[in-house]
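J.: Give me coordinates for this.
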Amino acid sequence: KYFEREAEGFSMEKLFDSFYNGGGYQMASFMNLITYFPEFRLNEGWKSTATIRLDRLSKDLVRDDGTYLEATSGYADGVLGTFTTAIELARKADIPLSDEFMERYEKFARYIMGTATPLGKEPDWGDGGAASVRNRIYGCGEILDDEEMLYFGSAGGEGKTPSYTSVYFPDGKIAAMRTGWNEDDAYAFIIGRVGSSHSHTHTMALEAYAYGRYLLTDTGMTSYVTTHPHFMWQRTRAAAHNTVEINETSPQAPFNETGASLSQADMKLNETFDFFSGVTEGTEGYKHYRNVLFLKNRKMWLVSDYIYDINGTVPVNHYTQNWHMISDAKPSVDPETLAGRSNYSTGANIQVVPVKDENMSARLADGIAMQPGANARDTAEAQYIEFAKDVAGDGSFDTVLYPTKNNYGAANISTERIAMPVTPEKASAYRIKA
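T.: Residues are numbered from 1 along each chain as shown. Presented below is the predicted three-dimensional model:
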């Protein structure tokens, strides 16, 4: 009797919300009851309800390009799992699923796979915390008979190598740059969107991986408890992410879709390089443009940030460009060149090298970092690299992200600005020296 009443509750329209992850888990529970208790008197009607609800859920939680509605990892993988469960149960209980649901399921799986790191994990962003997704995608590959998903899900043991590398999702404004699908490849993840459920102030943030190591990371989400000492910094400060912060203020990150109009993004892809360009107006009165050029043969990224002071009402703006690493990276900053870097004694490292200007400073700032293992809930106090400018009006940063493999003693790269007839806020050029 309890299970029958529970199914009746799941079937009630007023108790169903298709715009957050709980709707997926509700449907998975509902489908279990329908499948394993066919004797319930309302069972046939519930089957029709399930078909309609799954259609609606997929439309509301998954955009046309396959991106997940909520601005976070973790929850996305979980909801994809509820869709997989629903399909498996539907086949057992002879519940029809629409072609549109199956198409969105495939796009959703391709989004999760396309944005995963070479280690088979989601990138860390938002509240959720990244999950390992190989098994999940392998299951999707079995359902869809997709050789590329089977390859990813089995870490190359089955299937065939994906026919693509980098991907861009225009509806979700999410970019993933990569040289390939193996652990030695280089990879970056860029967030071009503002707001939505579980969002942080991470617009235009970039995370980077190369040669088997997560090198530039998010700072995680230590706790959902609002009084936790990490909570406000991790969720509301742009400085807690690999992006630009303006005047130590918290950009907008509404927990709904109203922030969608506050940013625009695009990415050009080819075999030689990827070029991401985005702009956000999340900080009122300012426009932050970020361009990222990924040179695939060098496995390096050139990042250019331009900040435009629209109103010009602040006498001196404080702009910072921030770069975070895992807590054991032992970051350092050269006091003369201002170049930052990680300092692992073995394996991959990354150099974070700015194009130095007279009005620029660099330091190791105090913050929070994920511990080794990159678990969003396992964090500790740590330092991160901060480049800063205190200027009237507009500001800019040009930075080279250069990963190296198994060569802690590798020569540092350096940069030299090339004179231009306009200020760096309008156009910039520089040399990179090895």
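J.: now the nearest residue to P123 once chain neighbours are set aside: how far from K296?
T.: Nearest residue to P123 in three dimensions, chain neighbours excluded: F189, at 3.9 Å (C-beta to C-beta, 6 or more residues apart in numbering). Where you see a C-beta, it was placed from the backbone N, CA and C, and this is true even at glycine. Per C-beta to C-beta, to the nearest Å, F189 is found 16 Å from K296.
J.: List the neighbouring strands of the lengthiest strand in the chain plus their orientation.
T.: In the chain, with assignment by DSSP state E, the single longest strand is strand 379-391. Within its sheet, strand 379-391 is paired with strand 317-323 (antiparallel), strand 360-370 (antiparallel), according to DSSP bridges.
J.: if you count what's nearby, which of F189 and K296 comes out ahead?
T.: Per other C-beta atoms under 10 Å, whichever of F189 and K296 has more neighbours is F189, with 25 against 19.
J.: can you pull the contacts of that one?
T.: T115, T117, P123, W125, I174, A175, A176, M177, L206, E207 (C-beta atoms under 8 Å, 6 or more residues apart in numbering).
J.: One more: A376?
T.: G74, D124, G128, G129, A130, D218, G220, M221, T222, M370.
J.: Give me the buried positions along stretch 279-296.
T.: 279-283, 285-286, 288-296 (16 or more other C-beta atoms under 10 Å).
J.: now, the most widely separated pair of those?
T.: The span of these, defined through C-beta to C-beta, is set by G285 and K296 at 37.0 Å.
J.: Which residues does stretch 328-338 contact?
T.: Here stretch 328-338 has contacts from 215, 323, 325, 339-344, 353-354, 356, 360-364, 369, 371-372, 383-385, 387, 412, 414, using C-beta under 8 Å, 6+ apart.
J.: which of the residues in the longest strand of the chain are buried?
T.: Buried, per 16+ other C-beta under 10 Å, within strand 379-391: T379, A382, Q383, Y384, I385, E386, F387, A388, K389, V391.
J.: Show me the beta-bridge partners of the fourth one.
T.: It stands for Y384. Applying DSSP bridges, one finds that Y384 bridges with A365.
J.: contacting residues around the helix or strand bottoming out on mean pLDDT in the chain?
T.: None of the helices or strands of the chain scores lower by mean pLDDT, DSSP states H and E than helix 2-11, at a mean of 91. Applying C-beta under 8 Å, 6+ apart, the external contacts of helix 2-11 come out as 15-16, 26, 29-30, 33-34, 37, 40, 42, 45-46, 49.
J.: Pretty sure Q351 sits in a strand.
T.: Yes - counting by DSSP: H, G, I helix; E, B strand; the rest coil, Q351 is part of a strand.
J.: wait, isn't it in contact with M325?
T.: No - in this structure Q351 lies outside contact range of M325 using C-beta atoms under 8 Å: 11.9 Å.
J.: Looking at these two, which is more packed in?
T.: M325 (30 against 20).
J.: what does the model give N407 for pLDDT?
T.: With respect to pLDDT, N407 has a value of 67.
J.: ok, now the one 5 residues further on?
T.: What the model reports for N412 is a pLDDT of 86.
J.: again with S261
T.: The predicted local confidence for S261 is 87.
J.: for S196, same thing?
T.: Confidence score, pLDDT, at S196: 89.
J.: what about it, which SS state?
T.: Going by three-state DSSP: S196 is coil.
J.: can you tell me which residues contact G285?
T.: D309, I310, N311, T313.
J.: Please narrow the residues you listed to those residing in strands.
T.: Filtering the contacts of G285 for strands - DSSP E - leaves D309.
J.: And the contacts of G285, which is closest to E142?
T.: I310 (51.7 Å).
J.: Turn the buried ones among the contacts of G285 into a named ChimeraX selection, would you?
T.: ChimeraX command restricting the contacts of G285 to the buried ones, with burial defined by 16+ other C-beta under 10 Å:
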select :309
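J.: Take the contacts of G285 and write them to CSV, including distance to K59.
T.: What follows is the contacts of G285, written out as CSV (distance: C-beta to C-beta, whole Å):
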residue, distance to K59
D309, 40
I310, 36
N311, 40
T313, 43
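J.: quick check, nearest of the contacts of G285 to R63?
T.: Nearest member of these to R63, counting by C-beta to C-beta, is I310, at 29.5 Å.
J.: how many other residues sit next to E6?
T.: Neighbours of E6 (other C-beta under 10 Å): 14.
J.: Quick check: it vs I34, distance?
T.: Relative to I34, and taking C-beta to C-beta, E6 is found at 11 Å.
J.: can you list the weak-confidence ranges in the chain?
T.: By pLDDT under 70, the weakly predicted segments of the chain are 407-410.
J.: All the helices of it, in order from the start?
T.: 2-11, 22-36, 43-61, 75-93, 99-114, 134-144, 147-153, 231-236 (DSSP state H).
J.: contacting residues for R237?
T.: R237 neighbours (C-beta under 8 Å, 6+ apart): T201, E245, E248, S250.
J.: Cool, thanks, signing off.
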